[in-house]
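Undergrad: Please find the sequence and the predicted model below.
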4 protein chains.
Amino acid sequence: MQNGYGLMAGGADEDIELAMPVFDALRPEGDRADSFVHVGGVGAGHYAKMVHNGIEYGLMQAYAEGYELLAAKDIIKDLPGTFRAWQKGTVVRSWLLDLMVKALDEDPGLASIGDYVEDSGEGRWTVEEAIANAIPAPAITAALFARFSSREDNSPAMKMVSALRNQFGGHATRPAN
Amino acid sequence: MQNGYGLMAGGADEDIELAMPVFDALRPEGDRADSFVHVGGVGAGHYAKMVHNGIEYGLMQAYAEGYELLAAKDIIKDLPGTFRAWQKGTVVRSWLLDLMVKALDEDPGLASIGDYVEDSGEGRWTVEEAIANAIPAPAITAALFARFSSREDNSPAMKMVSALRNQFGGHATRPAN
Amino acid sequence: MQNGYGLMAGGADEDIELAMPVFDALRPEGDRADSFVHVGGVGAGHYAKMVHNGIEYGLMQAYAEGYELLAAKDIIKDLPGTFRAWQKGTVVRSWLLDLMVKALDEDPGLASIGDYVEDSGEGRWTVEEAIANAIPAPAITAALFARFSSREDNSPAMKMVSALRNQFGGHATRPAN
Amino acid sequence: MQNGYGLMAGGADEDIELAMPVFDALRPEGDRADSFVHVGGVGAGHYAKMVHNGIEYGLMQAYAEGYELLAAKDIIKDLPGTFRAWQKGTVVRSWLLDLMVKALDEDPGLASIGDYVEDSGEGRWTVEEAIANAIPAPAITAALFARFSSREDNSPAMKMVSALRNQFGGHATRPAN
């Protein structure tokens, strides 16, 4: 199997041992420590997987912001080639970077893809855990909110900002679309 | 004059004194200290006005986020009345709150107003100064970025996030609109 | 009473009417609509008060960022006077601004006050509601996270960023304090 | 050479061709397209490198936030092992993740490392470019501001928030340290 899973399990030692054949079957071949971890007690595996996905939100957002910055500049003539050049020897090399290269190979300007992004819950849980533990998580939260924004056709908040600017400064509003 | 200006001037004492009749004519009646300040040296007045406007960005964004939170809940039956009740005796009472009440009086659901919000530069300058002085300014910056987002029909960054989710998870993308 | 409460109540009409004498006793004198609102059904009053406090977090953070920007510049000679000049006739005039003026009157450089800021829960609830309703609330969230950060003596996240910079770039770390 | 550079060059074709032997000597062995890109016109190489580093800020911050979330939970018994398990087969696998594993191998709790993080300028430039191009970049900016915060012993902004809470709510402030 080329891409297995990174497996994170929680529970008592004896229960983990009992289930180990299942985990062994799912993870990539090679050293067990490579893709499996007994994280801790019951629930620890889910927690670790949640954090994994929260990090994933932040990583994708960071790459995506960089992509937009490059895409906005006329001076950049070879954007896909730039990401390709980063795949070896740079600090930002990663599997997600490889996927960006692949996505741009398939559709150089992402012309066929809308900017509406779902979230599947783990980002929310990560931010909720950050709040519950009084841990600042601004990058991961920014990624989550960017997805929320992407799904709003007509932001009530921004309508209000526009209304306020009109009230105090006479700044023109745009008609609702 | 009911609403004058808050005047912030920078320069040498003698130059400020020379221009004082102009400032006196512009500010609201009453004590000079009410609406005029000799902030400091040349440039200090502009700097203070820039910060004033940066704060204004943050305040409007905070109110607007609260407005959206209230507008989203069916349980809230009297949203304009809620803001009206806040105008006296609460921590958030302000002129901007008064303007929110006025805006909702004129158009209760802001149905006529689009969610596209310009920026007139001072927010950008404020964040640039924050960066130049290594000062974290997350709330004001959030307000600025929310305006940038409001003006993007088709966010390249969010297209990329959608493309990445499709690459690794087979999550469906939406077609570009 | 100079400062009463802004009262937000939820419940059935008949129950609100029954409790009205209590609300009347608590709110500032004047028109009932000034400081009282029957927001909606059961729970709506608490929800509105929560949003009020969430907004409060954002407003305070915006003012505080502006304060820091002004405090950092040598060119600004009269910072308290600047806030005082904003109290009439500017867009950012508010009760919180009045309190900033008062706080700086009492302690011009806030020399006696630490930078450790508690939160009393409503900010967290507001952000949790934002998440539950898929509403971006970046300014209010920034305010909440700034408080969390203010209470961390030794941020594990920033230790990790420092460790990573050392790993890939040989950038010096600082010893733990 | 195990780790070369990812090289991004800007300029006219003939100038790039002239300098190509230098680039060839610096990049890792293998296909030229692997680690070299002629990005575009003069300045494009620097711009791309700046964006690379901006992304790097965001990636590190996302990993670091996840690290802190894991480190805060007693239920997590094997934090280094968790990151190690992510190195193959997960969405967040990357060179930076490998470095996190290495850093935790060397100092499991990062006990020897302070939480003071410098910035070397590229993060600032990235955010300035975001602002100049009206592009929202909240995750990268969050990473930059987190570094600024990490270097403040005594945040004037948070002192003001504390002072305001004391003014309106009588909330106790902490004495300055």
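TA: Everything's here; your move.

Undergrad: What's the first helix or strand after the lowest-mean-pLDDT helix or strand in chain A?
TA: Ranked by mean pLDDT, DSSP states H and E, the weakest helix or strand in chain A is helix A:32-35, scoring a mean of 74. Note on helix A:32-35: by DSSP states H and E, the next helix or strand toward the C-terminus is strand A:36-40.

Undergrad: State the mean pLDDT of that following strand.
TA: The predicted model gives strand A:36-40 an average pLDDT of 96.

Undergrad: ok now the following helix or strand past that strand, how far from the chain's centre?
TA: For strand A:36-40, the following helix or strand on the C-terminal side (DSSP H and E) is helix A:44-71. From the chain centre to the centre of helix A:44-71 is a distance of 3 Å (Cα atoms, centre = their mean, to the nearest Å).

Undergrad: What about contact with chain D: does the very next helix or strand once past helix A:44-71 have any residue there?
TA: Once the chain leaves helix A:44-71, the next helix or strand it forms, by DSSP H and E, is helix A:79-86. Yes. Judged by Cβ under 8 Å from any Cβ of the partner chain, helix A:79-86 and chain D are in contact via A:Gly81, A:Thr82, A:Arg84, A:Ala85, A:Trp86. Just so you know, the C-beta spots here come from the backbone N, C-alpha and C atoms, and that holds for glycine as well.

Undergrad: Next, the contact list for the residue nearest the centre of chain A, please.
TA: The centroid of chain A falls nearest to A:Tyr57 when counting by Cα atoms, centre = their mean (1.9 Å). By Cβ atoms under 8 Å, 6 or more residues apart in numbering or on different chains, the residues touching A:Tyr57 are A:Asp119, A:Glu122, A:Gly123, A:Thr126, A:Ile140, A:Ala143, A:Leu144, A:Arg147, D:Ala62.

Undergrad: Looking at those residues, spot the one nearest chain B.
TA: A:Arg147 (7.2 Å; Cβ to the nearest Cβ).

Undergrad: Okay, domains of chain A per the record?
TA: A:1-42, A:48-177 (automatic domain parsing).

Undergrad: Give the rounded mean pLDDT of the longest one.
TA: Looking at domain A:48-177 alone, the average pLDDT works out to 96.

Undergrad: Show me how far it is from its chain's centre.
TA: Here domain A:48-177 is found 8 Å from its chain centre; the criterion is Cα atoms, centre = their mean.

Undergrad: quick one on the thing from earlier: okay, the domains of chain A, which one's buried deepest?
TA: domain A:48-177 (a mean of 22; mean count of other Cβ atoms under 10 Å in any protein chain shown).

Undergrad: before we move on, the earlier item: in helices only, show me the contacts of A:Tyr57.
TA: Residues of the contacts of A:Tyr57 located in helices (DSSP state H): A:Glu122, A:Gly123, A:Thr126, A:Ile140, A:Ala143, A:Leu144, A:Arg147, D:Ala62.

Undergrad: residue contacts, the closest residue to A:Ser94 other than its chain neighbours?
TA: Counting by Cβ to Cβ, 6 or more residues apart in numbering or on different chains, A:Ser94 lies nearest to D:Ser94, which is 3.1 Å off, once chain neighbours are set aside. Contacts of D:Ser94 were listed using Cβ under 8 Å, 6+ apart, and they are A:Leu59, A:Val92, A:Arg93, A:Ser94, A:Trp95, A:Leu96, A:Leu97, D:Leu59.

Undergrad: again, 7 Å this time
TA: A:Arg93, A:Ser94, A:Trp95 (Cβ atoms under 7 Å, 6 or more residues apart in numbering or on different chains).

Undergrad: Return the member of the residues you listed nearest to chain D.
TA: Nearest to chain D, judged by Cβ to the nearest Cβ, of the contacts of D:Ser94 is A:Ser94 at 3.1 Å.

Undergrad: so how far is chain C from that closest one?
TA: 13 Å (Cβ to the nearest Cβ, to the nearest Å).

Undergrad: Over to A:His46?
TA: With Cβ to the nearest Cβ as the criterion, A:His46 and chain C are 18 Å apart.

Undergrad: Quick check on the closest residue in space to that residue that isn't next to it in sequence: phi, psi?
TA: Nearest residue to A:His46 in three dimensions, chain neighbours excluded: A:Gly10, at 6.8 Å (Cβ to Cβ, 6+ apart). For A:Gly10, the backbone dihedrals (degrees, to the nearest 10) come out as phi -120, psi 150.

Undergrad: list the contacts for A:Gly10?
TA: Going by Cβ under 7 Å, 6+ apart, A:Gly10 touches A:Val39, A:Gly40, A:Gly41, A:Val42, A:Gly43, A:Ala44, A:Gly45, A:His46.
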